[in-house]
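# What follows is a predicted protein model with its sequence.
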There are 4 protein chains.
Amino acid sequence: MNAYEIKKATGIEGIVLNSGRAEPEAGHGEIKIRVRATSLNYRDLLVAKGTYRGGSKPSVIPLSDGAGDVIDVGPGVSRFKVGDRVLGAFFQGWTAGAITTEATTRSLGSSIDGMLAEYVVLPEFGVIRVPSHMTDEQAATLPCAGLTAWNAMVEVGRIKAGETVLLLGTGGVSLFALQFAKLHGARVVLTSSSDAKLALAKSLGADDVINYRDTPDWDKAVSILTDGRGVDMVVEVGGPGTLERSIRSTRVGGTIAMIGVVSGTGQIDPQPLISRAIRLQGIRVGSLAMFRAMNATITKAALIPVIDRVFPFEKVHDAYARLIGGAHFGKVVITL
Amino acid sequence: MNAYEIKKATGIEGIVLNSGRAEPEAGHGEIKIRVRATSLNYRDLLVAKGTYRGGSKPSVIPLSDGAGDVIDVGPGVSRFKVGDRVLGAFFQGWTAGAITTEATTRSLGSSIDGMLAEYVVLPEFGVIRVPSHMTDEQAATLPCAGLTAWNAMVEVGRIKAGETVLLLGTGGVSLFALQFAKLHGARVVLTSSSDAKLALAKSLGADDVINYRDTPDWDKAVSILTDGRGVDMVVEVGGPGTLERSIRSTRVGGTIAMIGVVSGTGQIDPQPLISRAIRLQGIRVGSLAMFRAMNATITKAALIPVIDRVFPFEKVHDAYARLIGGAHFGKVVITL
Amino acid sequence: MNAYEIKKATGIEGIVLNSGRAEPEAGHGEIKIRVRATSLNYRDLLVAKGTYRGGSKPSVIPLSDGAGDVIDVGPGVSRFKVGDRVLGAFFQGWTAGAITTEATTRSLGSSIDGMLAEYVVLPEFGVIRVPSHMTDEQAATLPCAGLTAWNAMVEVGRIKAGETVLLLGTGGVSLFALQFAKLHGARVVLTSSSDAKLALAKSLGADDVINYRDTPDWDKAVSILTDGRGVDMVVEVGGPGTLERSIRSTRVGGTIAMIGVVSGTGQIDPQPLISRAIRLQGIRVGSLAMFRAMNATITKAALIPVIDRVFPFEKVHDAYARLIGGAHFGKVVITL
Amino acid sequence: MNAYEIKKATGIEGIVLNSGRAEPEAGHGEIKIRVRATSLNYRDLLVAKGTYRGGSKPSVIPLSDGAGDVIDVGPGVSRFKVGDRVLGAFFQGWTAGAITTEATTRSLGSSIDGMLAEYVVLPEFGVIRVPSHMTDEQAATLPCAGLTAWNAMVEVGRIKAGETVLLLGTGGVSLFALQFAKLHGARVVLTSSSDAKLALAKSLGADDVINYRDTPDWDKAVSILTDGRGVDMVVEVGGPGTLERSIRSTRVGGTIAMIGVVSGTGQIDPQPLISRAIRLQGIRVGSLAMFRAMNATITKAALIPVIDRVFPFEKVHDAYARLIGGAHFGKVVITL
């Protein structure tokens, strides 16, 4: 079959098409999926560069996110049948309940093969149905960015009507967080360096926007917007580069859900977390049970993910380049 | 009346006795207390040096912790009567519920006058009864160190039987945390640089102890003691000097309750909080409702705080020096 | 001053105007309010009939709900000033945190004098600001019905987008619950015996409505509407007369918030609560802290309570009769 | 193989030995267990009489609880190997997270074959390791009674040091609840009709005991023991026969975890649940994740279940008769 592999973890040029990759077959309790669409996450750039924490296996098939059709089921499979539209779960092992080391050992597209292939085989407990109102392209954006935003906002943050959320930038997680916040009746303050992106965010429901290039002290702007109180919650995707300002933007007793690291490594002064009695909570995607809850909710709300651009399978490198370029607004998708 | 004041916030020599301080009288809804015992916290050293966050008012009477007898009640007081034995609450304003800015504005011994005086007047909503099984000296240790440990372990950490807690050192908060952990059936791992103190901690119930001078990589020792899994919770009192090791000592999905700053300022790399999905929670003492719950529990359990040494009112500077010296094990108390 | 009193607790004829009632004055920590609007709750009918649990004091001034202007403040009051628009709290004593016996001893309009008077004096800790976007008439509906619905839906039920709530009838609590559910992105199924009221409920956002006169087995209708799964939450105001059907309408692991008793006394079989692992939670209005959170949220959302009809102070008996008649949709309000 | 079957669901005489029952073999993802010990629950009497809710399949092998050795593993099994000592989970499907209908469809010894057989085959996700410090007989008591008590006390009740728990009788769930309460530092009040059993309960750590035969108004006795406040939590195993007294025994805002139905069907007045703002929570055993947490805790605490008597496989009817007789204190166990 056709599949991309990370031949050398040196960047996108190390991602090569292998037209002779062995086609996997569904074993006991497994499902064979004809992949129809995948999406890219910032994490996939780190995998491609070899800087992803935990590393990845040699010649791994990249990408955690993908949707497709069930075309075969192995013996013992009871929950899915041929023809079902499904998504793979980021963590192949976190069914439900609290996070554990065991639950997060096997992640698609790094420690085990991912979705950038014509065919993928996954255990039936690592698969979930596509929300019925979504296309494959739309659904393919959910497993990493969507579920991470859901975990942060709903599971950890217990976001409520009347609360205010601060979102940093317009990456995949932030845009899902924006949609989830509005769904729950919360107010959204969002930052970006691009007025065009801020305008798009407003059209998606952002209540207040801040251009952090024009307003480098954006924490002060957040403070003013919240009458000096600070926001109830931050979905912090910037890492050390933004965390200190995020802390100053958060109300006493508030929550910062900290996700991935886009803006590099670095250090922060933890002291203000004490004086403001803040909860700083590390987030790692989510469980299959959370995924199920998210899908039920977004199906009822007929929520549609924001897609930036769809690339064909042959143009995988262009898709990666689009993500690296940073001009995107919404998810970068690849169809097969 | 006699009261100590912080004349110059330059250290303990700036704390002076004022024998002519005006005696306060109980106004509407207020209680007049004859103070019998007070206790020292590390925070009081910062107040004395003028480095306490938020600062303190000029000529403030120091110390947040004190127990005494109600000797007068103002009009409108309904909950207390002359003769009751009471404690002041650290925050004069945090009755119950979640922490807010307003709840934490007025704290005894810094922004408002504290307990190192013969007489203190407090609103009845800022006062709580002394646990009946305790002496004034014992009770005087509760308002700051005791309640902080309770908030960390019980309110935030929801400590349960079978869980493992890591405690750093043998300061006031850590020793209360040790007692509370054992009360709830948890296992305690405790670090100190002194074998003598470790032995004392063992006699109080610590299950495993680590001399961090002998074992500078104490996070590795914690890992071994927990079969590589890490502890469920850390009561982190060391600040940036220990936080990175504390993070490495915590299990995936665990909690670090972060309190005060004994070991100075500094920076940490927040990234491992994400990869381990840890909750880092800033703690600020606690509410009156938590204080009530704590007192109910320690009364039923007949828990007795650990007192290092009791100094007379005339020897206040010796008491401070004892705390600065660092040889203490348990709370340093001053009687009046 | 003019005030209504319950002379004989035998029904609305026992409610009489006393034009010579002594005007209360603000003592220590108290606020004097010129009442501008009050609202009726079903509970007030029980007080008038003398069947309210806990009873009421002789010649009590009825009604828990009222809004007005601060016209005087007693010594020691720091949070309010003359001219502020305020509401009284149902429980004069439940500031924040978990419910206790002490917190619920003093309730306006039964154990202590209520709001159906020209002037009312309350402690400053029993008073809250009127949401700025509301008239006095609108605000007067909040203290009992509004806060009860908030406690049930938000505090206890933690209602989330995508969840489904079952509401019984169109009384004050149910209509607030409907508005709060929609605010949080939830789906609402609502029952009534009146097609006209169901149509009004739909106009307020109810997603599905059931006429329980036409469909006496409304639990089966709920089951069909939820694909056999049952709702996530019921705000149960019907008591024993509806509770068994409510239980059958609730999903495995769901929550029933049980409020007041409109449909009389009786008994139920508790067994199905076990087989469905349901939480049946008794609700009693709420704390001042919840009230503050509710007001913050409804202010941001510019939510306007549903008012059925406004009666002048002279027509108090007509107002009661309107509530007894049962034709109302929304709150019955009295202006002064 | 030898297995008991429920030939006619008319009582224990309908339980017959089938020496020619086909021996099951481990299929995909399944484990074959040589059963070494099983234990009886009150629920098994209902299954035998045909009155168990949900019914049971024809000729079902009874008993949910059993421990044994893994003697074979099917293809695809990764978590267990031959020689492991294991327990079956009551619900073959509730892995983790919140309870759902799907999670509770398959329960051992009723809807699917149970453990009273020489060999049992279960999916690897329906099996858990025996705590290493326990014999097979001891471990065989855990899956139903142990886990139910754990769910009630720890998951739902979040029992804490200083709280008071009311336990009804000395059945399996109550004795586990007693041990778990003491492990967490809580106080236990326990009722029974037998002074001998009360004495045994005291020896296990019960703080206060009430003979409900001598004190039929035991709710008043509980009230006195708690200074009129009521207990924080009841583990309610009596059903309608005791529930109203349990409600009166519970503090305002307390929790009643309601389990099984030993004392028959009936009705209760739900009104006091409202006036006391009580949570009445139906409990159904628990998930595999809870089982894992329970085993970790009881292993660390070296907790040993209370066994009444051990019967050989040939004396199954005597074991059932022992349970029916009601003279037992602790679990009735059958060895193979």
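Looks like it arrived, so ask away.
# Just give the nearest non-adjacent residue to the residue in the stretch 151-300 of chain A positioned nearest to chain D, would you?
Scanning the stretch 151-300 of chain A for proximity to chain D using CB to the nearest CB identifies residue A:289 as nearest, at 4.3 Å. Yep, even glycine has a C-beta here, placed from its N, CA and C like the rest. Leaving aside its chain neighbours, residue A:289 sits nearest to residue A:96 (3.6 Å; criterion: CB to CB, 6 or more residues apart in numbering or on different chains).
# One more: residue A:168?
Using CB to CB, 6+ apart, the closest residue to residue A:168 is residue A:238 (5.0 Å).
# Spell out which helix or strand contains that neighbour, please.
Using DSSP states H and E, residue A:238 is not contained in any helix or strand.
# Work out for me the element the closest residue to chain B within the stretch 51-200 of chain A sits within.
Per CB to the nearest CB, residue A:99 is where the stretch 51-200 of chain A lies closest to chain B, at 4.3 Å. Assigned by DSSP H and E, residue A:99 falls within no helix or strand.
# about what we covered before: would you confirm that the residue nearest to residue A:168 contacts residue A:246?
Yes. Between residue A:238 and residue A:246 a contact is recorded at 7.4 Å, counting by CB atoms under 8 Å.
# What about the residue of the stretch 151-300 of chain A closest to chain D, how many residues nearby?
For residue A:289, the neighbour count with other CB atoms under 10 Å in any protein chain shown is 19.
# What of the one 5 residues further on?
Other residues near residue A:294 number 26, with proximity taken as other CB under 10 Å.
# now the one 4 residues further on
As a burial measure, the neighbour count of residue A:298 was computed by other CB under 10 Å and equals 25.
# if we can go back for a sec, and the residue nearest to residue A:168, backbone torsions?
phi -90, psi -20 (degrees, to the nearest 10).
# Find the residue closest to residue A:292 in space, skipping its chain neighbours.
residue A:128 (6.4 Å).
# list the contacts for the one you found?
Counting by CB atoms under 8 Å, 6 or more residues apart in numbering or on different chains, residue A:128 makes contact with A:86-87, A:89, A:288, A:291-292, A:295.
# is it in a bridge, and if so with what?
Listed by DSSP bridges, the beta-bridge partners for residue A:128 are residue A:87.
# Please read off the pLDDT at it from the model.
Listed pLDDT for residue A:128 reads 97.
# show me where pLDDT drops low in chain A?
A:261-264 (pLDDT under 70).
# Break it into its domains for me.
Domains of chain A are assigned by automatic domain parsing as A:3-141+A:305-335, A:147-282.
# Phi first, then psi, for the residue lying closest to residue A:286 once chain neighbours are set aside.
Among residues not flanking residue A:286 along the chain, residue A:151 sits closest, at 3.8 Å (CB to CB, 6+ apart). Main-chain torsions, residue A:151, degrees, to the nearest 10: phi -60, psi -50.
# what residues are up against residue A:151?
Residue A:151 is in contact with A:257, A:283, A:285-286, A:290, counting by CB under 8 Å, 6+ apart.
# Check residue A:133 too.
Counting by CB under 8 Å, 6+ apart, residue A:133 has contacts A:299, A:302, A:304.
# count of neighbours near the second one?
Read it as residue A:302. Count around residue A:302 with other CB under 10 Å applied: 9.
# go on, residue A:268?
By other CB under 10 Å, neighbour count at residue A:268 equals 21.
# Let me know whether it touches residue B:270 as I believe.
Yes. Contact criterion CB under 8 Å: residue A:268 and residue B:270 qualify, at 5.5 Å.
# Give the intersection of the neighbour lists for the two.
Common contact partners of residue A:268 and residue B:270 (CB under 8 Å, 6+ apart): A:240, A:243.
# Not counting residues beside it along the chain, what's closest to the residue nearest the centre of chain A?
In chain A, the centroid-proximal residue (CA atoms, centre = their mean) is residue A:145; its distance is 1.4 Å. Take residue A:145 and drop its neighbours on the chain: the residue closest to it by CB to CB, 6+ apart is residue A:172, 3.3 Å away.
# residues touching that neighbour, list them.
So residue A:172 contacts A:39, A:41-42, A:141, A:144-146, A:330-331 (CB under 8 Å, 6+ apart).
# same thing but 7 Å
Applying CB atoms under 7 Å, 6 or more residues apart in numbering or on different chains to residue A:172 gives the contacts A:41, A:141, A:145, A:331.
# Same list, the residues you listed, but as TSV with secondary structure please.
Formatted as TSV, the contacts of residue A:172 follow (DSSP: H, G, I helix; E, B strand; the rest coil):
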residue	secondary structure
A:41	coil
A:141	coil
A:145	helix
A:331	strand
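# Out of those, the closest to chain D would be?
Distances from chain D to these, taken as CB to the nearest CB, are shortest for residue A:145 (22.3 Å).
# now the helices: where do they sit in the stretch 151-300 of chain A?
For the stretch 151-300 of chain A, the helices defined by DSSP state H, counting those that start in this stretch cover A:172-183, A:195-203, A:218-225, A:240-249, A:271-275, A:288-300.
# elements contacting the third one?
Right, helix A:218-225. On a contact count with 3 or more CB pairs under 7 Å, 6 or more residues apart in numbering or on different chains; DSSP states H and E, helix A:218-225 meets strand A:187-192, strand A:208-211, helix A:240-249.
# I'd like to know how many residues surround the closest residue to chain C within the stretch 101-250 of chain A.
Residue nearest to chain C within the stretch 101-250 of chain A: residue A:162 (2.7 Å; CB to the nearest CB). The number of residues packed near residue A:162 is 23, by other CB under 10 Å.
# Need the nearest residue in space to it, chain neighbours excluded.
Here the residue nearest residue A:162, using CB to CB, 6+ apart, is residue C:297, at 2.7 Å.
# ok so, going back, so can I have a markdown table of the helices of the stretch 151-300 of chain A showing distance to residue A:312?
Listed next are those as a markdown table, based on distance: least, CB to CB, whole Å:
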| stretch | distance to residue A:312 |
| --- | --- |
| helix A:172-183 | 20 |
| helix A:195-203 | 25 |
| helix A:218-225 | 38 |
| helix A:240-249 | 34 |
| helix A:271-275 | 46 |
| helix A:288-300 | 26 |
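# what's next to stretch A:72-82, contact-wise?
Here stretch A:72-82 makes contact (CB under 7 Å, 6+ apart) with A:26-32, A:70-71, A:86, A:124, A:127, D:27-29.
# Kindly check the end-to-end length of that stretch for me.
End-to-end span of stretch A:72-82 (CA to CA, to the nearest Å): 6 Å.
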